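*Asks:* here is a sequence together with a model predicted from it:
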Amino acid sequence: MTEQPNELQNVTEDKDQLIERYQEILMRQVEAAYEKGDMEPDVYMLFMSKVCEAETKEEAYDYYQDVFAELADYHEDRLQARILKGAEYIESIGPEHPHYTAAMKKYDDLCEQLNEQKERRRANDRGGRKRISEKAN
């Protein structure tokens, strides 16, 4: 009987350590995005104010999976908006404009960046499902 509370305490400590680690990662990513100008101040404050109140490790994993997906969605939406704005600019200046080639290169780079981001998310999603199914077996 005396070991049971200690085991419970270790599980709680593990959950708290997990939350602390994920919170640090989230804060670093949000800070870096904000400092680079890749995040609006209101969105920065929203992410900085997020607090995990999970009772179990599984709830903490789920919480941070959702938060990191929300962060990835935000960056993806901003990137798509930049691509759309670039396409509109390119269309408005036409191929004879002196900045056309540079604008096309920037547009292509942004599209490639978006494709790489989507591929990473697909790979992460596949990996997450695999890990969950492995636990079940």
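*Replies:* That came through fine. Numbers count the residues shown, from 1 in each chain.

*Asks:* show me the contacts for R121.
*Replies:* 72, 76 (C-beta atoms under 8 Å, 6 or more residues apart in numbering). (Glycine included, C-beta is placed from N, CA and C.)

*Asks:* try it again with 7 Å
*Replies:* With contact set as C-beta atoms under 7 Å, 6 or more residues apart in numbering, R121 has these partners: A72.

*Asks:* where does it land on pLDDT?
*Replies:* What the model reports as pLDDT for R121 is 88.

*Asks:* and what of D125?
*Replies:* With respect to pLDDT, D125 scores 76.

*Asks:* can you get me a residue count around it?
*Replies:* For D125, the count of nearby residues is 11 (other C-beta atoms under 10 Å).

*Asks:* name the element it belongs to?
*Replies:* helix 100-136 (DSSP states H and E).

*Asks:* cool, E96 as well?
*Replies:* Per DSSP H and E, there is no helix or strand for E96.

*Asks:* A81 now?
*Replies:* Using DSSP H and E, A81 maps to helix 57-93.

*Asks:* what angle do that helix and helix 100-136 make?
*Replies:* Inter-element angle recorded for helix 57-93 and helix 100-136: 160 degrees (by axes from the mean of the first three to the mean of the last three C-alpha atoms, to 10 degrees).
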